[in-house]
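Q: The following comprises the amino acid sequence and a computationally predicted model.
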Amino acid sequence: MLIAIRHSKKRMIPAISSQGNKQPYREVLMKWLRVISPLLEVPVSIDKSYQFYLDAYPKPNSKSFAVVSELSQGDRKLGDIWTKRPTLSFFSKLHRLLWHLSAVLPVLIYIFYKGKKFGLVELQVIVGYSLYKNFLKKHQSLIPIIISDITPTAHMLWAATSSLNRDVFWWQDDYHHMDGFSSENYLPHPCTLAAVLNQGGLDTVLKKNRFARIYVRPQTEVLPFKSTPFIPRVGIATNAFFEANTEQIRILIKIQESLGADLFKIRLHPNSKLTSKSFPEDLIVVAAADETIEEFSNSIDIAIVGNSAVQLKLLCAGLPVVHLAGLDQHGFDVYGYCQKGFCYGLDSIEALNSEIILQFYNSTGIAERLYNYVNVRNRNDLFLLDKFESVN
């Protein structure tokens with residue numbers, strides 16, 4: 001649980017601080033509601049037929065959608081994987097709240113009594129950890145699937161599962177989710193099953209548990225880079241932190257002017273609340289929410305991205321990509337793809353030049369380095385995900 005608290009703080013404290021600065025009066029109420037928010041997250045009970053528990057709703061283009069899609073293509077039935085519903089009725093929420101309130105009342109009394117010794121994040125994690133532990137005790141055969149981009153809720157679930165010495169299925173969601181990539185630990189607890197994307201993910205799992213049953217997710221083909229026409233179709237792929245603020249709009253206008261785009265299109269992150277109304281009229285075309293990465297890539301000739309893992313998927317599709325600082329608040333090349341030589345990067349929009357971009361992607365060796373990074377090289381004793389079989 002201490003690991004869950006430590007890693008949850010990394011994500012939650014900056015978000016709470018940001019909300020407090022934007023809406024200070026609302027935050028006075030919300031900070032205590034967050035402590036009991038797990039009461040609405042954890043189901044009371046689910047059908048005993050489910051083998052896997054995925055604590056997310058698989059909306060199109062989401063991480064959880066990929067999990068359900070890939071597992072259901074093998075020998076598994078879709079019904080074996082429990083997922084959240086998009087919405088709950090008022091009465092379902094009330095029932096869940098009252099049921100869990102009675103179950104964790106002793107815990108709530110204790111932590112509110114000792115509240116001065118705990119921060120808000122600690123209190124929330126303790127509540128969530130206790131709820132998931134009670135839930136898992138009622139469902140002895142249920143195996144949680146933990147997506148490697150670990151949310152605070154997933155930390156609570158994983159910590160509770162580990163405390164019971166139960167099976168956990170770790171799902172490597174992105175290529176950079178591995179040991180030693182950054183200060184964030186993508187595999188804080190051991191797992192007994194895993195689905196990995198690349199060699200880095202495989203090595204990370206084996207460090208934690210060399211006896212884990214490991215599956216290889218579909219491997220990535222690296223296509224030759226497209227040639228960019230004189231008047232290109234330009235795409236912008238954003239992450240969840242893109243706000244369409246004044247400075248970012250200025251950058252978009254500068255991109256359009258510099259590249260003389262025939263089509264100027266933006267693909268918003270699946271969790272983004274922005275719409276076409278967030279941009280100046282006639283500046284940019286907003287891609288449909290259900291448009292896939294492949295469809296987006298096929299519709300453009302060059303992509304501009306911030307600190308988004310989507311840049312690697314676009315590169316593998318043969319699309320020249322420019323990583324540009326300023327499209328989020330995380331600075332330049334957080335994932336290190338420019339440093340590794342996969343992606344052309346700029347820390348200033350003023351240096352954007354289509355000829356230099358083309359020269360970079362015409363150089364040799366990029367495709368080979370990229371292929372070695374995104375795939376598993378040592379496949380001995382591994383299982384293919386499309387041959388997925390029951391673990392029971």
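A: Sure, I can see it.
Q: Which residue ranges of the stretch 151-300 of the chain form strands?
A: 169-171, 193-196, 213-216, 233-237, 263-267, 285-286 (DSSP state E, counting those that start in this stretch).
Q: I'd like the ones you listed as JSON lines, with mean neighbour count, mean pLDDT and distance to Glu247 appended.
A: Placement of C-beta: from N, CA and C, glycine included. Formatted as JSON lines, the strands of the stretch 151-300 of the chain follow (neighbours: other Cβ atoms under 10 Å; pLDDT from 0 to 100; distance: least, Cβ to Cβ, whole Å):
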{"stretch": "strand 169-171", "mean neighbour count": "27", "mean pLDDT": "96", "distance to Glu247": "35"}
{"stretch": "strand 193-196", "mean neighbour count": "25", "mean pLDDT": "94", "distance to Glu247": "38"}
{"stretch": "strand 213-216", "mean neighbour count": "20", "mean pLDDT": "90", "distance to Glu247": "42"}
{"stretch": "strand 233-237", "mean neighbour count": "25", "mean pLDDT": "94", "distance to Glu247": "14"}
{"stretch": "strand 263-267", "mean neighbour count": "21", "mean pLDDT": "93", "distance to Glu247": "16"}
{"stretch": "strand 285-286", "mean neighbour count": "16", "mean pLDDT": "94", "distance to Glu247": "19"}
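Q: Which of the ones you listed sits closest to Asp149?
A: Across these, Asp149 has its closest neighbour in strand 169-171 (9.5 Å, Cβ to Cβ).
Q: could you say what helices and strands that closest one packs with?
A: Packing contacts for strand 169-171, counted by 3 or more Cβ pairs under 8 Å, 6 or more residues apart in numbering; DSSP states H and E, involve strand 143-147, strand 193-196.
Q: got those strands as CSV, with distance to Leu2 columns?
A: As requested, the helices and strands packed on strand 169-171 are exported to CSV (distance: least, Cβ to Cβ, whole Å):
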stretch, distance to Leu2
strand 143-147, 18
strand 193-196, 23
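Q: picking up where we left off before, okay if I get the strands of the stretch 151-300 of the chain as TSV plus distance to Ser49?
A: Shown next, in TSV, are the strands of the stretch 151-300 of the chain (distance: least, Cβ to Cβ, whole Å):
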stretch	distance to Ser49
strand 169-171	17
strand 193-196	19
strand 213-216	22
strand 233-237	39
strand 263-267	37
strand 285-286	40
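Q: can you tell me which residues contact Glu184?
A: His7, Lys10 (Cβ atoms under 8 Å, 6 or more residues apart in numbering).
Q: what about it, distance to His177?
A: 9 Å (Cβ to Cβ, to the nearest Å).
Q: Can you check which of the helices and strands packed on strand 169-171 gets nearest to Gln256?
A: The nearest among those, by Cβ to Cβ, is strand 143-147 at 35.1 Å.
Q: which other residues reach that closest one?
A: The set of residues external to strand 143-147 that reach it, using Cβ under 8 Å, 6+ apart, is 51-56, 63-64, 67, 81, 136, 154, 157-158, 161, 166-171, 173, 191, 193, 391.
Q: Let me know which of the helices and strands packed on strand 169-171 is the nearest to Thr275.
A: Ranking the helices and strands packed on strand 169-171 by proximity to Thr275 (Cβ to Cβ) places strand 143-147 first, at 26.4 Å.
Q: In its sheet, which strands sit next to the closest one, and in what direction?
A: strand 52-54 (parallel), strand 169-171 (parallel) (DSSP bridges).
Q: and the helix or strand where Val125 lies, how far out from the chain's middle?
A: If you go by DSSP states H and E, Val125 is part of helix 120-138. Centroid separation for helix 120-138 versus its chain: 22 Å, with Cα atoms, centre = their mean, to the nearest Å.
Q: counting contacts, what elements does it pack onto?
A: Going by 3+ Cβ pairs under 8 Å, 6+ apart, helix 120-138 lies up against helix 2-22, helix 24-35, helix 38-41, helix 90-103, helix 105-113, helix 152-163.
Q: Val68 contacts Leu54, correct?
A: Yes. Applying Cβ atoms under 8 Å, one finds Val68 in contact with Leu54, separated by 7.0 Å.
Q: Which residues are in contact with each of the two?
A: Common contacts of Val68 and Leu54 (Cβ under 8 Å, 6+ apart): Ile81, Thr83.
Q: The two: who's more crowded?
A: Neighbour totals were compared for Val68 and Leu54, and Leu54 leads with 23 against 19 (other Cβ atoms under 10 Å).
Q: That one pairs with what?
A: Leu54 has the following beta-bridge partners by DSSP bridges: Thr83.
Q: so it touches Lys63, yeah?
A: No. With contact defined as Cβ under 8 Å, Leu54 does not count as touching Lys63 (9.9 Å).
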